[in-house]
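Q: Here is my input; please provide its structure:
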Amino acid sequence: MAAVKLYRVFENGVARLTLCYFHSIELFVRGETIFMAKHLKTAKTIASDKVRYLGL
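A: Residues are numbered from 1 along each chain as shown. Got it, this is the predicted structure:
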């Protein structure tokens with residue numbers, strides 16, 4: 001598992017989450033925008049639970 005930070009998901013914060021190594025490499029290679037477009041369920045989960053992912 002790899003801890004990653006997403007800088008473009010929210011305007012005013014950095015989302016922190018844990019991905020498996022395969023998906024962390026995919027995120028690195030493709031970039032945040034394409035990764036989030038491909039993994040819409042993850043994007044919706046992050047958006048619906050800002051307290052957990054942004055640490056608010």
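
Q: Give me the neighbour count for the nearest residue to Arg30 once chain neighbours are set aside.
A: Leaving aside its chain neighbours, Arg30 sits nearest to Lys38 (7.6 Å; criterion: Cβ to Cβ, 6 or more residues apart in numbering). To be clear about C-beta, it is placed using only N, CA and C from the backbone, and glycine gets the same treatment. The burial count assigned to Lys38 is 12, neighbours taken as other Cβ atoms under 10 Å.

Q: Would you enumerate the residues in contact with Ala37?
A: Ala43 (Cβ atoms under 8 Å, 6 or more residues apart in numbering).

Q: Flag every buried residue along the helix or strand where it lies.
A: Using DSSP states H and E, Ala37 sits within helix 32-38. Buried residues in helix 32-38, counted by 16 or more other Cβ atoms under 10 Å: 32, 35-36.

Q: Tell me which helix or strand comes right after the longest strand that the chain contains.
A: Using DSSP state E, we find that the single longest strand of the chain is strand 2-10. The helix or strand immediately downstream of strand 2-10 is strand 13-19, counting by DSSP H and E.

Q: got the contact list for that next one?
A: Residues outside strand 13-19 that contact it (Cβ under 8 Å, 6+ apart): 1-7, 9, 27, 46, 50, 53-56.

Q: Which of the buried residues of helix 32-38 sits closest to Cys20?
A: Phe35 (13.1 Å; Cβ to Cβ).

Q: on that earlier part again, are any of the contacts of strand 13-19 buried, and which?
A: 4, 6, 9, 27, 46, 53.

Q: Flag every buried residue along stretch 4-23.
A: 4, 6, 9, 15, 17, 19, 23.
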